[in-house]
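Undergrad: attaching a predicted model along with its sequence, questions to come.
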Amino acid sequence: MSRARPELSNHRIDIDRLMGRINELGTIGALAGGGVSRLALTDADRQGRDRVLGWMRELGLAITIDRIGNVIGMRPGSENGAAVTMGSHIDTVATGGLYDGNLGVLAGLEVIAVLNEARIETRRPVAVGFFTNEEGARFQPDMLGSGVHQGALDLADMLAVTDRDGTRLGDELRIIGYAGDTPVGAYRAHCFLELHIEQGPLLEEAGTTIGAVTGVQGISWTEYIISVVSNHAGTTPMRLRHDAGYVAAAIAVEARALAGDFAGDQVATVGVTRLQPDLVNVIANQAVLTLDLRNTDDALLTRAESRMSEFIRTTAAREGVEVQSRRLARFAPVQFAPEMIEAVEATAAALGHSVRRLPSGAGHDAQMFAPNCPTAMIFVPSQHGISHNIREHTACADIQAGADVLLHIILTQAGWRLK
Ligand code: GLV
Ligand code: MN
Ligand code: MN
């Protein structure tokens, strides 16, 4: 089927400037062997924020920081009104790469730099933002800042969440100097666009440069704490075992079996297991584990949750252990606006890039905007499909392609002329 090709301007992003910023931000929280660790609201996150804020100032953006620490830089339009908004996150997992999140923020700044350099006046304001604790690696849930920003999560509840050590998010925000005073929940974007690496293998496998993201799969995160009285590993006969470690392992095995039985898009991961006292000759008296279930179909995700709950209940009863559970995150699947998906496809094709539709396996700030404004994501390939890993890599040419698609959609959405 042929589709109308959008008129393209001659403007293009400057890949050297964009890569320069990606690499410079990658020096903050740098890990030996490559990659970065900038867990949300740590000192490294503060330094990363300071650097991006500095770039926003250099680009002449009007900066606001809201009460959950989201930062928005705004370039005025010739008319007032809701901004055409770009953004993502600069926090990382503890084993992060240089691109996850950072690309969407820094490509947004690159778009602003092109507008400034070419003396382009847009009709609508154009904004770029980064949102607090997208990763959910330190504080749960993930997409926490954008969730509060878009009214899906409660500010007071989110300020009160604690990390593994019991540290409150609100306290950390104050300590790093990013507890802003802009109210949350009032920002309405004209539309939202997020450029992101795919973080999976599909684009690379298909030899495709641009992904037009159709939506984000549902996400369910639960923490389980399994408790029992510990005993001696050598003297306790198997018939008398009450083993928290065994139950944790059984849950991980069942999660894998469930994903196989559900087939299709179901994925299941036990990402955390911590045993106590964690000694070779002591039967564990406590296991803390997390279960991450995702599916593009909410009914199937709910069935997966029920099957795991039932399995955990019966296994714990049989083993004679206590189980407490705590929901860390639950987001329904999200569909992006059809006209925005089409805009990504048409713009990529007009720029001469191969493009295909795909859903996102990872959570993203864009999913929080999607219920409130037309939203799209542009994916670029991840080498070997690797992400949340210091080896995360995307080819320069693909970054350039993705950022050019972003630039041209922004120009179309914002309306523009030369000053
Ligand atoms: C967040 O980035 C997630 O998908 O886990
Ligand atoms: Mn991300
Ligand atoms: Mn991530």
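TA: Here it is on my side, so go on. Here the structure is a predicted model, which is why all the values come from computation and not from measurement. Ligands and ions are numbered 1, 2, ... in the order given.
Undergrad: what does this structure put close to ligand 3?
TA: By the rule C-beta under 5 Å from the ion, the part of the chain lying against ligand 3 is 100, 135. For the C-beta atoms, the positions are set from N, CA and C on the backbone; glycine is no exception.
Undergrad: any idea which residue sits dead centre in the chain?
TA: Central residue of the chain (C-alpha atoms, centre = their mean): His364, 3.8 Å from the mean position.
Undergrad: wait, it touches Met377, no?
TA: Yes. Counting by C-beta atoms under 8 Å, His364 touches Met377, with 6.3 Å between them.
Undergrad: anything in contact with each of those two?
TA: 194, 196 (C-beta atoms under 8 Å, 6 or more residues apart in numbering).
Undergrad: now the strands for the stretch 1-150 of the chain?
TA: Counting by DSSP state E, counting those that start in this stretch, the segments of the stretch 1-150 of the chain that form strands are 62-65, 71-75, 84-88, 120-122, 126-130.
Undergrad: return the last one as CSV; C-alpha atoms alone will do.
TA: This points to strand 126-130. Output of strand 126-130 as CSV, limited to C-alpha atoms (Å, rounded to 0.1, in the frame of the first residue of the first chain):
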residue,chain,number,x,y,z
VAL,A,126,8.7,22.7,21.5
ALA,A,127,9.9,21.1,24.8
VAL,A,128,12.3,18.4,25.8
GLY,A,129,12.1,16.7,29.2
PHE,A,130,13.7,14.0,31.4
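Undergrad: what packs against it?
TA: Judged by 3 or more C-beta pairs under 8 Å, 6 or more residues apart in numbering; DSSP states H and E, strand 126-130 is in contact with helix 43-58, strand 71-75, strand 84-88, helix 102-117.
Undergrad: among those, which is nearest ligand 2?
TA: strand 84-88 (6.3 Å; C-beta to the ion).
Undergrad: paired strands for that closest one, with orientation please.
TA: Applying DSSP bridges, strand 84-88 is found paired with strand 126-130 (parallel), strand 191-197 (parallel).
Undergrad: pLDDT of the shortest one, averaged?
TA: Just to be clear, that refers to strand 126-130. Over the span of strand 126-130, the pLDDT mean works out to 98.
Undergrad: that one near ligand 2 anywhere?
TA: No. Applying C-beta under 5 Å from the ion, one finds strand 126-130 out of contact with ligand 2, separated by at least 10.9 Å.
Undergrad: how far away from the center of its chain is that strand?
TA: In this view, strand 126-130 has its centroid 16 Å away from the chain centroid, taken as C-alpha atoms, centre = their mean, to the nearest Å.
Undergrad: do the same with the last one
TA: Using C-alpha atoms, centre = their mean, the distance from the centre of strand 191-197 to the centre of the chain it belongs to is 11 Å.
Undergrad: please, where are all the helices along the chain?
TA: Under the criterion DSSP state H, the chain contains helices at 15-25, 43-58, 102-117, 144-149, 155-159, 169-175, 202-206, 244-262, 298-319, 338-350, 366-369, 396-414.
Undergrad: in the least confident helix or strand in the chain by mean pLDDT, what's buried?
TA: Ranked by mean pLDDT, DSSP states H and E, the helix or strand of the chain with the weakest confidence is strand 416-418, at a mean of 91. Across strand 416-418, burial judged by 16 or more other C-beta atoms under 10 Å covers Trp416.
Undergrad: for whatever residue of the stretch 1-150 of the chain ends up closest to ligand 3, which residues are in contact?
TA: Closest approach between the stretch 1-150 of the chain and ligand 3, counting by C-beta to the ion: Asp100, at 4.3 Å. Shown in contact with Asp100 (C-beta under 8 Å, 6+ apart): 92-93, 196-197, 199, 387-388, 392.
Undergrad: let's see it at 7 Å
TA: Asp100 makes contact with 92, 197, 199, 387, 392, according to C-beta atoms under 7 Å, 6 or more residues apart in numbering.
Undergrad: give me the phi and psi for the fourth one.
TA: It stands for Ser387. phi -150, psi 170 (degrees, to the nearest 10).
Undergrad: shaky segments in the stretch 1-150 of the chain?
TA: Flagging of the stretch 1-150 of the chain using pLDDT under 70 yields the residue ranges 1-5.
Undergrad: please read the previous query as pertaining to the stretch 151-300 of the chain.
TA: For the stretch 151-300 of the chain, no range has pLDDT under 70.
Undergrad: just give the closest residue to the closest residue to ligand 2 within the stretch 151-300 of the chain, not the sequence neighbours.
TA: Going by C-beta to the ion, ligand 2 is nearest to His196 of the stretch 151-300 of the chain, at 5.8 Å. Once flanking residues are discounted, His196 sits nearest to Gly104: 5.3 Å by C-beta to C-beta, 6 or more residues apart in numbering.
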